[in-house]
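Colleague: what follows is a protein structure lacking sequence information:
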């Protein structure tokens, strides 16, 4: 009689409902293995719209967001390359797709730095961009596992204008910080284009109605240029990485 396939080689089983736990574990263990192999301990994560195009003209001039993200990532990656590669450096990390994600990966690659893309399988809009370091290009099925890796190594979050996905990522991070669910005592969150964010969300009204505390409205910082972002973030990143301890 012909031998039966081993369970871990049975593709139909691995794709089944019963094997869901195995798939979830795989999306934890396989990325962890690759991050360890490439000495990734710290990241600066860029969030933002996948729909922003580098050369598209529109009445909101959204292409400026693309090039600002590219420049900021380039400046950060260039600085990171000068740090000792003994755990004190960091990599630029994105969701791996087009738009702002592509811009940040592009800036990091321009600086000749390895750069991470945490892609996810979606029906549209999400294809790996060409600027991700191939060995640090990931593809996730589960949003929650992808989000875990966004936050696990993050030492700063940079949010450019975006839609539902960007808002989801931003507010989940703010909630984790607000509720002390992170080992990190402080995680800088920078929002690009103050006018955009203040027009979109009335943070002061949330404070006024006592839906959040005044301290909660200080968990993020607005910036309007890559230079301004560097001036704010650089000393804070140095301090965070210097005082970092591996989470339990």
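Modeller: Good, I have the coordinates. Bear in mind that the values here come from a model prediction, so they are computed numbers and not experimental data.
Colleague: burial count for residue 47?
Modeller: 27 (other Cβ atoms under 10 Å). Placement of C-beta: from N, CA and C, glycine included.
Colleague: residue contacts, it?
Modeller: 94-95, 100, 157-160, 162, 165-166, 169-170 (Cβ atoms under 8 Å, 6 or more residues apart in numbering).
Colleague: which ones among those lie within strands?
Modeller: 94, 157-159 (DSSP state E).
Colleague: so for the residue nearest the centre of the chain, what pLDDT did the model give?
Modeller: Centroid-nearest residue in the chain, with Cα atoms, centre = their mean: residue 45, separated by 3.2 Å. On pLDDT, residue 45 comes in at 98.
Colleague: likewise residue 125?
Modeller: pLDDT recorded at residue 125 is 64.
Colleague: try the one 5 residues further on
Modeller: The predicted local distance difference test score for residue 130 is 96.
Colleague: doesn't it fall inside a strand?
Modeller: No: Residue 130 is assigned coil when assessed by DSSP: H, G, I helix; E, B strand; the rest coil, not a strand.
Colleague: what is the burial count for the residue lying closest to it once chain neighbours are set aside?
Modeller: The shortest distance from residue 130 to any non-neighbouring residue, by Cβ to Cβ, 6 or more residues apart in numbering, is to residue 102 (7.9 Å). For residue 102, the count of nearby residues is 28 (other Cβ under 10 Å).
Colleague: quick one: contacts of the least confident helix or strand in the chain by mean pLDDT?
Modeller: When the helices and strands of the chain are scored by mean pLDDT, DSSP states H and E, helix 11-14 comes last with a mean of 89. The contact list for helix 11-14, computed with Cβ under 8 Å, 6+ apart, reads 7-8, 19, 22-23.
Colleague: try 6 Å this time
Modeller: Helix 11-14 is contacted from outside by residue 19, using Cβ atoms under 6 Å, 6 or more residues apart in numbering.
Colleague: what about the helices in the chain?
Modeller: 11-14, 20-37, 63-81, 100-110, 143-152, 164-178, 194-200, 203-208, 226-242 (DSSP state H).
Colleague: and the contacts of residue 47 as TSV, adding neighbour count?
Modeller: Supplementary listing: the contacts of residue 47 in TSV, determined by neighbours: other Cβ atoms under 10 Å:
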residue	neighbour count
94	32
95	30
100	31
157	24
158	25
159	23
160	26
162	22
165	19
166	19
169	21
170	20
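Colleague: if I look at residue 12, how far off is residue 142?
Modeller: Residue 12 is 20 Å from residue 142, where distance means Cβ to Cβ, to the nearest Å.
Colleague: next: residue 19.
Modeller: Counting by Cβ to Cβ, the gap from residue 19 to residue 142 is 13 Å.
Colleague: ok, the most far-flung residue of the chain relative to its centre to residue 229 distance?
Modeller: The centre of the chain is farthest from one residue, residue 1, which by Cα atoms, centre = their mean lies 51.1 Å away. Counting by Cβ to Cβ, the separation of residue 1 from residue 229 is 66 Å.
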